[in-house]
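> Give the three-dimensional model of this entry:
(chains A, B and C)
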Amino acid sequence: MTIERDDGSLVIGVRAPHVTVEGFEGPLDLLLELVEEKKLDILSVRLGDLAGEYLARVRALGQLPAAEAAAFLWLASRLVLLKARSLLPSLEPVAEEDEEVSEEELRARLIEYAAVKQRAAVLGERLRAGERAFHREGGTVELPPRGGDTDALAAAWTRVLQIALSNRREEVTIPPERYSVQQRTREIEEIVARDGSVTFATLLGDDPTLAFAIVTFMSLLDLYRRLVIDLQQDELYGEIRIQRKEVTRSGEERPGE
Amino acid sequence: MGRSDLANRTEAVLFVAEKPVPRSELARVVGCTPRQLESALAELAAAYEVSGLRLQHANDEWQIVTAPEMASFVSTYLGADRLRVSPASLETLAVVAYRQPITRAEVEAVRGVNCDQTIYTLMSRRLIEERGRKETAGRPILYGTTWEFLECFGLASLDQLPTVLTPEGVVSALPE
Amino acid sequence: MGRSDLANRTEAVLFVAEKPVPRSELARVVGCTPRQLESALAELAAAYEVSGLRLQHANDEWQIVTAPEMASFVSTYLGADRLRVSPASLETLAVVAYRQPITRAEVEAVRGVNCDQTIYTLMSRRLIEERGRKETAGRPILYGTTWEFLECFGLASLDQLPTVLTPEGVVSALPE
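Purely as a prediction, here's the structure:
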């Protein structure tokens, strides 16, 4: 399997980050492929009828990043619902009116997505054909008159740095980060032992990845289960505080010891 | 079959310009009314049909560029590299090109996937750019295609975007 | 009265060239013999007679320039702004200004694109100049900004270049 990356390099056997999941650009892409594969008319096929096959394909996708899995499964659940409704016309789910679940809505999205795919293909074709235009960089001015804008120069430098940075980002294939729950648990235990308490937000940091957030959360559950910490939240959606559990003198809260 | 003097003036000015020139500035420089300029530009565009050059425009800014058919020779001379865009970025680019100006959330609604990365890539290649803010909650950024986009795809203007046959009734019925 | 394809190729290449192009290079780029090129050049020169452009040559190096009659409009346009530098040239200038002395290859490594033309433009406007050679393989030319650069941007010295806040790790991680 070969993928052409944005920077023009070919990556063998590696998928571009965040973009492609097992060859599909997303849930709609998979659905569209099913429709096309079975040579169904996008305008008249009952989308719910594809639910079984869609789910089967999702199952076969194997390892899905959590965020993508959610999107695929969301669509799968919609398809199942459509299917169920067609089998049991009396089935009237509560408050579905303004949700994005109607067959028509889904069909319209699918059709638009099909158009997007075609347009992307046509644009890609043009790009491959390489028939681009060039403007003229040159000029006829010999001596620079005064009045150059130093801010523009600084802005250009900043832009170059950003581009250089982004190019580097694309060059480097970042290995998937690995946080073990064990390791994170130990870290949190140390923080709590040292500081007494810490907020959930602090533990997550400014820009946590999904994996990091999940591992942190699981670690907290584990610590809570093992009676190492107390969790406290004063109001709904409020700050979650993690506190070191007071060690009781008798130790009777530690079963098994 | 001589050309009009106005067309030649316009050509000379556009030739030395290193960036697209707004029509109003062009009219002022060559000394004519916007309407006269319009016919001069049309004359130039027609004359270029048989040449190695083209007249390109966007947002009523004009520039002379090379004809797309000549790209391979120009690339050879300039040592220019071929631009490559991943399929995912191409999809995002297609959505932006045909629906601009458009917010990221709107692009994502159409593609059904997160488009952070592809928008970032397209921005850093200058194929798309910010086009102000949408006056809705959160004032999200609007994106549109750039001058470079036209050049890279050899389009004289956005009107030349390839049309794709779709059941238009259905597509246009989508919520904007 | 269509033009030959060869004339159009030649036109496109000369259009993007910022410096006079030797005939031998031109022939190589457009893929023809020197004799064929000669007739293509003659064809172009004739076509330009009625246009705002002219074909100019010296020492068998060729260049498209604006027609002398158009000089007043061209200078009106060029004088309208102050310093005219394309965004691409400005980027190259920024790299040279902030990282001087620097070789062309180093500038290209930072910008990620071929910088031949922009360096030529900046040299011909005397915004950058040669600063000796780097003592590495091939002894490549080092570039730095000129006195005119300072004057043009109203800087008393290079210390006055606006500081740009960047994540230091990124800057220092750039290829040297």
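
> Least confident secondary structure element in chain B?
None of the helices or strands of chain B scores lower by mean pLDDT, DSSP states H and E than helix B:168-172, at a mean of 42.

> if I read this right, A:Ile163 contacts B:Met123, doesn't it?
No - assessed by Cβ atoms under 8 Å, A:Ile163 is found out of contact with B:Met123, at 9.7 Å. C-beta: built from backbone N, CA, C; applies to glycine.

> Need the nearest residue in space to B:Pro34, chain neighbours excluded.
Among residues not flanking B:Pro34 along the chain, B:Ala27 sits closest, at 5.1 Å (Cβ to Cβ, 6 or more residues apart in numbering or on different chains).

> okay, which residue is most central for chain B?
B:Leu150 (3.6 Å; Cα atoms, centre = their mean).

> The longest helix along chain A and chain B, any residue contact?
Across chain A, the longest stretch assigned as helix under DSSP state H is helix A:103-129. Yes - applying Cβ under 8 Å from any Cβ of the partner chain, one finds helix A:103-129 in contact with chain B at A:107-109, A:111-124, A:126-127.

> Kindly write the PyMOL command that selects the buried subset of those residues.
With 16 or more other Cβ atoms under 10 Å in any protein chain shown as the criterion, this PyMOL line picks the buried residues out of those:
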select buried, chain A and resi 107+108+109+111+112+113+114+115+116+117+119+120+121+122+123+124+126+127
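
> List the residue ranges of the chain that fall below the pLDDT cut-off.
Picking chain A for this. Within chain A, the ranges that satisfy pLDDT under 70 run A:1-23, A:64-65, A:67, A:89-101, A:138-150, A:164-179, A:207-208, A:210-211, A:236-237, A:246-257.

> wait, I meant chain B there
Judged by pLDDT under 70, the stretches of chain B that qualify are B:1, B:165-176.

> Next, the angle from the longest helix along it to helix C:34-48.
For chain B, the longest helix by residue count, based on DSSP H, is helix B:34-48. Angle, helix B:34-48 to helix C:34-48, by axes from the mean of the first three to the mean of the last three Cα atoms, to 10 degrees: 160 degrees.

> got the buried residues for helix B:34-48?
For helix B:34-48, using 16+ other Cβ under 10 Å, the buried residues are B:37, B:40-41, B:43-45, B:47-48.

> Can I get the very next helix or strand once past that helix as CSV, trimmed to CA atoms?
Going down the chain from helix B:34-48, the next helix or strand is strand B:53-58, by DSSP states H and E. What follows is strand B:53-58 as a C-alpha-only set of coordinates in CSV (Å, rounded to 0.1, in the frame of the first residue of the first chain):
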residue,chain,number,x,y,z
LEU,B,53,0.4,33.8,-22.3
ARG,B,54,-2.9,34.1,-20.6
LEU,B,55,-4.8,36.8,-18.8
GLN,B,56,-5.8,35.7,-15.3
HIS,B,57,-8.2,37.4,-12.9
ALA,B,58,-9.7,37.0,-9.4
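
> Quick one: residues in contact with strand B:53-58.
For strand B:53-58, the surrounding residues in contact (Cβ atoms under 8 Å, 6 or more residues apart in numbering or on different chains) are A:133, B:14, B:20, B:41, B:44-45, B:48, B:62-68, B:147, B:150-151, B:155-158, C:11-12, C:15.

> Just the buried residues of the residues you listed.
A:133, B:14, B:20, B:41, B:44-45, B:48, B:62-68, B:147, B:150-151, B:155-156, B:158, C:11-12, C:15.

> Tell me where chain B has helices.
Going by DSSP H, chain B shows helices at B:5-16, B:23-30, B:34-48, B:71-78, B:87-99, B:104-111, B:116-124, B:147-152, B:168-172.

> just checking, what packs against the longest one?
Here helix B:34-48 is seen to pack against helix B:5-16, helix B:23-30, strand B:53-58 when contacts are counted using 3 or more Cβ pairs under 8 Å, 6 or more residues apart in numbering or on different chains; DSSP states H and E.

> next one: the longest one to chain centre, how far?
For helix B:5-16, the separation from the chain centroid amounts to 21 Å (computed by Cα atoms, centre = their mean, to the nearest Å).

> quick one: the residue nearest to B:Pro34 from B:Glu38, how far?
Plainly put, B:Ala27 is 9 Å away from B:Glu38 if you go by Cβ to Cβ, to the nearest Å.

> And A:Ile111, by the same measure?
For A:Ile111 relative to B:Glu38 (Cβ to Cβ), the value is 38 Å.

> How about A:Gly124?
Where B:Glu38 is concerned, A:Gly124 sits at a distance of 34 Å (Cβ to Cβ).

> can you check A:Asp195 too?
Taking Cβ to Cβ, one finds A:Asp195 at 72 Å from B:Glu38.

> next one: A:Ala120
34 Å.

> cool, and B:Arg126?
29 Å.

> ok, now B:Ala88?
40 Å.

> got it, and A:Asp49?
On the measure of Cβ to Cβ, A:Asp49 and B:Glu38 end up 56 Å apart.

> for A:Asp206, same thing?
Distance, A:Asp206 to B:Glu38, by Cβ to Cβ: 53 Å.

> got it, and A:Leu73?
Remark: distance between A:Leu73 and B:Glu38 (Cβ to Cβ) = 56 Å.

> ok, B:Ala156 touching B:Leu150?
Yes - using Cβ under 8 Å, B:Ala156 makes contact with B:Leu150 at a distance of 7.4 Å.

> quick one, strands of chain A?
A:2-4, A:10-12, A:197-199, A:229-233, A:240-244 (DSSP state E).

> For the fourth one, give me every contacting residue.
Spelled out, it's strand A:229-233. Contact with strand A:229-233 is made by A:188, A:192, A:220, A:223-224, A:239-245, as judged by Cβ under 8 Å, 6+ apart.

> Next: stretch B:159-166.
A:111, A:114-115, A:118-119, A:122-123, A:126, B:97-98, B:155.
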